[in-house]
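S.K.: I would like to see how this sequence folds:
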Amino acid sequence: MRFQTPLEPAVLIRRYKRFLADCRLPDGREVVAHVANPGAMTGLAQDGLRVWLEPNDDPKKKLKWAWRLAELPEGGMACVDTGVANRVVREALESGALRFGDYPQWWAEVAYGEKSRVDFLLEGPAGRLWLEVKSVTLARQAGLAEFPDTVTARGARHMGELAAKVAEGDRAGLLFVVMRDDCTAVSVAADIDPAYARAVAEAQAAGVEIFAHRADLSPAGVTLGPELPPPLEIPAKAS
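M.R.: Next up is the predicted model:
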């Protein structure tokens with residue numbers, strides 16, 4: 001997935017109101033950028049961080065800049081736009097780079113459960129696979145990405161809805177996309193959201209499959225990178 005407009009470097013002044021960030025461009029201008037991330041963004045929103053912004057000239061958009069990438073203090077990059085993970089998975093499905101079996105057809109944002117929409121529904125001779133995608137940016141230990149970075153009641157509800165699809169005879173899966181290039185493993189942050197961790201553990205026990213990939217990141221764009229081992233055990237705090 002290539003960014004529609006070439007990204008420009010900047011320095012983060014501050015993030016506020018969750019969806020706004022003040023940034024300073026190399027020429028000294030201060031601009032307000034949209035932050036497409038409702039989470040805590042732990043470790044990715046420190047003042048003075050080098051970031052990458054996407055400009056736009058769309059008259060329908062109030063803000064002319066969007067924050068896409070953050071450079072990590074220890075080196076490497078993270079994508080702070082949570083919507084990019086779904087776009088990357090969509091392109092990987094289109095190209096055949098991401099396959100879960102014989103599912104030649106797929107649709108995005110399909111209604112299911114209780115007023116929910118699954119990220120992708122795959123269908124074919126193998127049956128149906130309901131796939132939920134999670135963008136993972138939290139890392140509190142070297143090399144380990146974790147989800148979520150804040151409490152997500154919606155995420156816990158989705159786990160129950162995926163388990164219900166398995167009970168109906170379909171496949172269902174949870175795909176963690178690690179949106180930072182300094183991690184080689186992923187886990188569930190049970191201490192941050194015990195209810196979500198319990199929901200994942202219960203869904204996994206009911207037959208929901210867990211997958212993980214890391215994204216390849218650059219100011220030019222983001223693509224789906226190597227497969228990572230999924231969390232084989234939900235942390236003990238989930239019980």
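S.K.: Which residue lies nearest the spatial centre of this protein?
M.R.: Ser135 (1.0 Å; CA atoms, centre = their mean).
S.K.: and Gly96, how many neighbours?
M.R.: Gly96: 8 surrounding residues under other CB atoms under 10 Å. Bear in mind the C-beta positions are built from the backbone N, C-alpha and C, glycine included.
S.K.: Spatially nearest residue to the residue nearest to the centre of the chain (excluding sequence neighbours)?
M.R.: In space, and not counting its chain neighbours, Ser135 is closest to Ala85: 3.8 Å by CB to CB, 6 or more residues apart in numbering.
S.K.: what about that neighbour, which SS state?
M.R.: helix (DSSP: H, G, I helix; E, B strand; the rest coil).
S.K.: OK, contacts around it?
M.R.: Counting by CB atoms under 8 Å, 6 or more residues apart in numbering, Ala85 touches 79, 133-135, 177, 179, 215.
S.K.: Could you dump the residues you listed into a markdown table and include pLDDT?
M.R.: Listed next are the contacts of Ala85 as a markdown table, based on pLDDT from 0 to 100:
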| residue | pLDDT |
| --- | --- |
| Cys79 | 98 |
| Val133 | 98 |
| Lys134 | 97 |
| Ser135 | 98 |
| Val177 | 98 |
| Met179 | 98 |
| Ala215 | 97 |
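S.K.: need those residues in TSV with secondary structure, can you?
M.R.: Below are those laid out as TSV (three-state DSSP):
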residue	secondary structure
Cys79	strand
Val133	strand
Lys134	strand
Ser135	strand
Val177	strand
Met179	coil
Ala215	strand
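S.K.: out of those, who has the most neighbours?
M.R.: Val177 (29 neighbours).
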